[in-house]
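Trainee: need a structure here:
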Amino acid sequence: MQRSVNPFKQMERKSDYLRNALSLCTPNNEREDYKSNKIHRCVTKVVENLPAEILIQIFSLVIPIGHMRIWGDREDSELEDFILSVEIERVLLRLTCKKWNTIIINLINEAYIDINKIKQCKLEYIIPPPRIRKLGLFDTRFTYVNNNCDPFVLLNSRNRYVRNNGDSGINEWLLENDLTRVESLYLRGCVDLTLNGLSRFNEQLTELNIINCPKITDESLASIFKDLKNLRSLTINTDSYFSDSILYESINEFLPLLNKLSVLIPCKCMEIKTDRAIMIQSINLSKLPKKISNLKISQDLPGYNSHILYFLSSEFQDPPPTLKRLDVSQCFFMKDIFVLPPAITHLTVSYPSVPKNYKSIKLPETLVYLNVSGYVRHMSYDYESTLIYRVYSDRWIDMLPVVAPSLQTLILHLYASPKKLFQTISSRYSDTIQHLDCRILLSKMIDKCVCENACHLGRCFQLAAIRTLKNLKELKFHNRLDEKEIENFPTSLKKLWLIHGYSKSMIDCALERGISLYELEPRF
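Mentor: As a prediction, the model looks like this:
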């Protein structure tokens, strides 16, 4: 069973590294007295003489450059504390020295702001550059807006939206602020959002995400599309798209550049005795516009525990042949319900979903990217045979294409036989795989005898397979690794991800071979 790990707590472990990094770059008499608000930006010979690339590597170990923004998609109870800690550490890093401050500003080409979290936490520093101090001030590089109105909305016992302490003010905010450079707009749970609030956005938007905004109907979306000629990515929560022609026609007519569509499918829940059943709307992809090459379908499930999934219809029409990318990893299809596009290049799925006719088909030879997760995200099978998880994994191994000349990325986290999995990879894809992330899963629910060499979780078989991958560039290795074993890795390898705890000598050994080391985040 997958155990959830709060990634925000990892910041606590980095506090010591932060202090050490600051002490290297800042003299004692010139450090920032953060509590007294006395800021002393230093100029040290160490920092001034180091190349920018080296400084970036040093500070990336403390706070990765990709995390230098506030992201409020999660609703964890500790998210607010995490944001505050990130802000404090970010400010310390920015104010450590002028050179580092300049590097940070230049690295961040796109500014990002989560309106709701800033209102909640009352943060002084929002995002670089430092001159941004208040919510009403925006930098010219501000291109993303993300507003989650959920804290302003409460759900009553009938799952209907009701207002809490008045309107969220989203329409006024969108109209009053200078958002002329915004290209990506994310709005969630905004019960008061109307067409008026979106009226100012036109050809500038390339990405639009509108979720749980009840006043934005299918007719509203069709009207909005008329002014969004440059839209390339769209995320909505509706099932009518698959049965109604309004959105279908408007997408075809007004969105010539749209190629990525993400749909959140609502579920009709009802009580059946003591069990809670989730009724999934039928899905018809035959009407999917041919211009859509990238499709992601997610189910809006109220929870994973003790739910039984039913379908109102077992019909699932074939998608158009132009569909190249399909992601159903957030769907819990209990039957072989989805159909694989004939020339698919990117496929992402998770337990328990399998494609239609899985017993008699092979995955298309056109695959470039395959991501299959066998993690069990719900509890409905706890009392059934533990072999069911391995059966699911074996189905996908059996479906792997015999020939896949373009397959470059393979991500497989499965309750599988290590020997069967890794011998299949080495015998079929040794010339093509460039990115490999394979992990043999094991939990208390699984009999350890199911997995060969359970104490190594497939380590020996994986090492043997890795040596055969001639063009491997990036590897995520979830097992123990010795220094000498790196010497047997392909010379093409440039990025290696390892579990926590590798030594300095391991780093030196990797660097000698031109390999950069990264730390894997724990999944269990």
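
Trainee: Against I297, how distant is Q330?
Mentor: 8 Å (CB to CB, to the nearest Å). Using the backbone N, CA and C atoms, a C-beta is placed for each residue, glycine as well.

Trainee: cool, P214 as well?
Mentor: The gap separating P214 from I297 is 21 Å, by CB to CB.

Trainee: more neighbours, these two?
Mentor: A direct count of neighbours by other CB atoms under 10 Å for P214 and I297 places I297 higher, at 20 against 13.

Trainee: which helices and strands does the helix or strand hosting that one pack with?
Mentor: Following DSSP states H and E, the helix or strand that holds I297 is strand 294-300. Applying 3 or more CB pairs under 8 Å, 6 or more residues apart in numbering; DSSP states H and E, one finds that strand 294-300 makes contact with strand 260-272, strand 325-330.

Trainee: For the first one, the averaged confidence score.
Mentor: When you say that, I think you mean strand 260-272. The pLDDT scores in strand 260-272 average 66.

Trainee: for stretch 229-236, same thing?
Mentor: Per-residue pLDDT over stretch 229-236 has a mean of 90.

Trainee: in that stretch, what counts as buried?
Mentor: Neighbour counts over stretch 229-236 (16 or more other CB atoms under 10 Å) mark N230, L231, R232, S233, L234, T235, I236 as buried.

Trainee: can you check stretch 480-492 too?
Mentor: Neighbour-count burial for stretch 480-492 [16+ other CB under 10 Å]: L481, I486, F489, P490.

Trainee: go on, stretch 255-264?
Mentor: Under 16+ other CB under 10 Å, the buried positions of stretch 255-264 are L255, L258, N259, K260, L261, S262, V263, L264.

Trainee: can I get these in CSV with distance to L323?
Mentor: Formatted as CSV, the buried residues of stretch 255-264 follow (distance: CB to CB, whole Å):
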residue, distance to L323
L255, 16
L258, 13
N259, 10
K260, 11
L261, 10
S262, 13
V263, 13
L264, 18
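
Trainee: between these, which is closest to E474?
Mentor: K260 (23.9 Å; CB to CB).

Trainee: Return the residues in contact with the closest one.
Mentor: If you count contacts by CB atoms under 8 Å, 6 or more residues apart in numbering, K260 has them with R232, S233, L234, I292, S293, N294, L295, K296, R325.

Trainee: shouldn't R181 be in contact with L205?
Mentor: No - here R181 does not reach L205: they are 11.0 Å apart, not a contact under CB atoms under 8 Å.

Trainee: between those two, who's got more neighbours?
Mentor: L205 (21 against 15).

Trainee: Would you confirm that S393 contacts L387?
Mentor: No - contact criterion CB under 8 Å: S393 and L387 do not qualify, at 10.5 Å.

Trainee: Same drill for those two, tell me which one is more crowded.
Mentor: S393 (22 against 13).

Trainee: what's the more buried one in contact with, if anything?
Mentor: G374, L414, Y415, A416.

Trainee: Just name the closest of the buried residues of stretch 255-264 to P355, please.
Mentor: The closest of the buried residues of stretch 255-264, once distances to P355 are taken by CB to CB, is V263, at 18.3 Å.

Trainee: check contacts around the nearest residue to the closest one once chain neighbours are set aside.
Mentor: Distance criterion CB to CB, 6 or more residues apart in numbering; nearest residue to V263, sequence neighbours excluded, is I297 at 5.5 Å. Applying CB under 8 Å, 6+ apart to I297 gives the contacts S262, V263, I265, I283, D327, V328, Q330, C331.

Trainee: So which of these wins on neighbours?
Mentor: I283 (24 neighbours).

Trainee: can I see the domain layout of the chain?
Mentor: As recorded under automatic domain parsing, the domains making up the chain are 1-110, 362-524.
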